[in-house]
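*Asks:* coords below, sequence missing:
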């Protein structure tokens with residue numbers, strides 16, 4: 001089974017030494033967890049992100065930064081694990097867990113990008129009100145799935161891949177503080193909207209990526225450019 005791991009932490013400017021230490025820590029994690037990592041990368045700063053709301057019929061595009069709090073998603077992984085316990089064991093080894101948090105969301109289906117992702121690709125996180133975050137496979141979810149099939153057909157190769165997420169009650173947040181592993185049920189922060197799925201879309205520039213994101217049938221799309229530093 002696959003799990004989406006969202007790396008949540010405070011954004012700040014790192015010194016050259018801190019940046020080098022962080023790169024080494026993530027390279028070590030990649031070496032240990034290589035067989036479980038299906039995709040992943042750091043995300044460009046939230047200030048360069050885009051929020052698309054209103055749906056495809058009347059999209060409203062808002063440039064970052066956003067007043068969402070001091071801590072934001074700074075990266076992601078798609079992990080393959082036999083069960084939640086194994087996914088949590090992977091999450092606690094992700095460096096971000098030691099100073100921020102890692103949200104683990106069970107993926108419905110699978111995300112297997114056909115090529116290596118680059119800095120021309122964007123993570124589009126789909127957000128919905130909790131009342132609209134239906135469990136995959138239910139009649140309500142099936143009704144919402146049909147417009148996504150139409151979107152993927154219309155977007156063509158501008159969609160690298162994507163997957164639905166299971167409902168928020170299945171999410172788990174992992175933090176590591178010293179030798180203590182703190183595991184809590186639910187996403188890191190509760191809000192008016194919750195993650196419901198994701199796509200990776202591509203474009204030669206920001207405007208093209210925003211155009212694709214504006215076509216996605218979701219209440220809100222949080223669009224963040226991949227940093228293109230992981231080599232995954």
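*Replies:* Cool, the structure landed. Predicted, not measured: the structure shown is a model, and the values here were computed from it.
*Asks:* what are the ranges of the strands in the chain?
*Replies:* In the chain, the strands defined using DSSP state E lie at 2-10, 37-42, 50-53, 60-63, 71-80, 101-108, 121-128, 159-165, 172-177, 180-185, 194-202, 220-225.
*Asks:* Check which helices and strands the first one is in contact with.
*Replies:* Helices and strands in packing contact with strand 2-10 are listed as strand 71-80, helix 84-91, strand 101-108, strand 159-165, strand 194-202; criterion 3 or more C-beta pairs under 8 Å, 6 or more residues apart in numbering; DSSP states H and E. Every C-beta, even on glycine, is put in place using the N, C-alpha and C of the backbone.
*Asks:* Give the pairing partners of the longest one; include direction for each.
*Replies:* In this case it means strand 71-80. strand 2-10 (antiparallel), strand 37-42 (antiparallel) (DSSP bridges).
*Asks:* same question, the last one
*Replies:* Pairing partners of strand 194-202, with direction, according to DSSP bridges: strand 121-128 (antiparallel), strand 159-165 (antiparallel).
*Asks:* Tell me how far the last one lies from the chain's centre.
*Replies:* How far strand 159-165 lies from its chain's middle: 10 Å, per C-alpha atoms, centre = their mean, to the nearest Å.
*Asks:* can you list contacts of it?
*Replies:* Applying C-beta atoms under 8 Å, 6 or more residues apart in numbering, the contact partners of strand 159-165 are 2, 4, 105-115, 117, 121, 124, 136, 141, 145, 151-152, 195-202, 212.
*Asks:* now swap in stretch 218-229 and tell me
*Replies:* Under C-beta under 8 Å, 6+ apart, the answer for stretch 218-229 is 23, 41-44, 46, 48-53, 55, 73, 75, 117-129, 132, 193, 196-197, 200-201, 206, 209-210, 213-214.
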